[in-house]
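Engineer: Sharing a model prediction with you, sequence too.
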Amino acid sequence: MKDYVTSMLQDWGLNSLNLHTTKWIIAIIGIILILYITKLFCNKLFIPIVKMLTKKTSTKWDDILLNNRVLKDFCSLIPPVILTILVPMIFIEDSTEYHWGIKICQIYIIAIVIRLACSIFSSLYTLTNEHEKLRNHTLQGVFQMLKLIAICIGCIIIISILIDKDPVNILAGLGASAAVLMLVFKDSIMGLVAGVQLSANDMLRPGDWVTLPKHGADGMVVEVTLTTVKIQNWDKTITTIPPYLLVSDSFQNWRGMFDSGGRRIKRSIYIDMNSITFCNKKQMEMFAEKGWLKNIATTEEKPVNLYVFRNYMDTYLHNHPGVNQEMILMIRQLQPTPQGLPLELYFFSADTRWVIYEKLQAEVFEHLIAILPEFGLRAFQSPSGRDLGDCTVKIQQTT
């Protein structure tokens, strides 16, 4: 084609002085025209056809993998490849211009390949999030590391093109500065290793509720990247922690609680031991009338009022719709203290949502405190100024 254009221009009567300039202008115009046609072909024909074919398939992975960004990056590879082929039409071979033209085209191709690789890795990460088994694994850090490796390899190849050296020799030279590279990329390397451990052991997932008191974090995991784990605390602040700290330090993950379907309620109320007595005849009649003596197995004629109360609370919790009946439920006494006898309620809510859990907890203990006097029991409470004032008034009235 080059010879044909030259002979055609000579037939037109161009002298040797104008021949080279005219050939160069025609070559530039021809290359621009070819690149423009290529761009139109990709944008108007190739990309729409690929999208149409992916939409017609029943699978979803091809829609994610061959997304708009990947297709555009792939199409961006075609112009520099064509330009590399057509460079001899512009410059004389073995000339300085030809040499640098080829280099620029190669560097451009490498840059586009790196961008395409990063786009593919992003699509693969999106694809893993759509997969039922892989979506719960923290793979974002792994794909970020793959992008970083692709960029580093591309930079080494570009440097080798610029200085006309073998990339293997450049890598060998970098071995001497490995200590410096380890220092520069310390957080990235440690983050990658920690991310693999977190993912392999299923220790952390986006959406998990985690607690790290040492680092002031208590909330939901928002994002797990190569160098950071973002946790949105319940006060809507964000705590950022390096992944390797989650491997080296201990943290509490509440995922097991959500998966179990029940959230533990473990709270005590202190009973005034002076109010614990045997039930009198009037109390027995009232308890029997209300059905509170059912399921009470005792050899004594007069059961202790606290025993009746514990039986009542056990029945109350077993019939409460908000309590998980498939998990442990018990009412137990703890070691007596100077503040009274601790009576602990240990059970699980049927709904793990925080607001519902707190409502159930408040409802149960409000009922417990309100029903205590019916059994002749009193909750211990440190005397306040009002209590002391009432005592003083009673003493004065007595005297």
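Structural biologist: Perfect, thanks for sending it. Only a predicted model underlies this, so the values are computations on that prediction, with no experimental measurement involved.
Engineer: dump the residue contacts of Y357.
Structural biologist: R263, I265, S349, D351 (C-beta atoms under 8 Å, 6 or more residues apart in numbering). Bear in mind the C-beta positions are built from the backbone N, C-alpha and C, glycine included.
Engineer: Keep only those of those residues that are in strands.
Structural biologist: Assigned to strands by DSSP state E, the following of the contacts of Y357 qualify: R263, I265, S349.
Engineer: Let me know the closest of these to L124.
Structural biologist: R263 (36.5 Å; C-beta to C-beta).
Engineer: Does the closest one touch F348 like I think?
Structural biologist: Yes. Taking C-beta atoms under 8 Å as the definition, R263 is a contact partner of F348 at 6.2 Å.
Engineer: Doesn't K55 lie inside a helix?
Structural biologist: Yes. Assessed with DSSP: H, G, I helix; E, B strand; the rest coil, K55 lies in a helix.
Engineer: from the contacts of Y357, which would you call buried?
Structural biologist: Using 16 or more other C-beta atoms under 10 Å as the burial test, those include R263, I265, S349 as buried.
Engineer: Residue ranges in the chain under the pLDDT threshold?
Structural biologist: Flagging of the chain using pLDDT under 70 yields the residue ranges 1-27, 89-92, 131-141, 170-185, 199-200, 295-301, 384-399.
Engineer: I'd like to know which elements the lengthiest helix in it is packed against.
Structural biologist: Identified as the longest helix of the chain according to DSSP state H is helix 96-130. On a contact count with 3 or more C-beta pairs under 8 Å, 6 or more residues apart in numbering; DSSP states H and E, helix 96-130 meets helix 61-65, helix 68-75, helix 78-90, helix 140-163.
Engineer: Is it possible to get CSV of the ones you listed that adds mean neighbour count and distance to V222?
Structural biologist: As requested, the helices and strands packed on helix 96-130 are exported to CSV (neighbours: other C-beta atoms under 10 Å; distance: least, C-beta to C-beta, whole Å):
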stretch, mean neighbour count, distance to V222
helix 61-65, 16, 22
helix 68-75, 17, 24
helix 78-90, 17, 39
helix 140-163, 17, 11
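Engineer: need these in TSV with distance to T237, can you?
Structural biologist: Listed next are the helices and strands packed on helix 96-130 as TSV, based on distance: least, C-beta to C-beta, whole Å:
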stretch	distance to T237
helix 61-65	33
helix 68-75	33
helix 78-90	47
helix 140-163	22
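Engineer: With A194 as the reference, name the closest of those.
Structural biologist: helix 140-163 (7.9 Å).
Engineer: mind checking how far D94 is from L116?
Structural biologist: 32 Å (C-beta to C-beta, to the nearest Å).
Engineer: Neighbour count: the two, which is higher?
Structural biologist: L116 (20 against 7; other C-beta atoms under 10 Å).
Engineer: OK, contacts around R263?
Structural biologist: When contacts are counted by C-beta under 8 Å, 6+ apart, R263 touches M257, F348, S349, D351, T352, Y357.
Engineer: which pair in those spans the largest distance?
Structural biologist: Top of the distance list for the contacts of R263 (C-beta to C-beta): M257 and D351, 11.8 Å.
Engineer: So L192: helix, strand or coil?
Structural biologist: helix.
Engineer: Not counting residues beside it along the chain, what's closest to it?
Structural biologist: In this structure, L192 finds its nearest non-sequential neighbour in M145, 4.6 Å apart by C-beta to C-beta, 6 or more residues apart in numbering.
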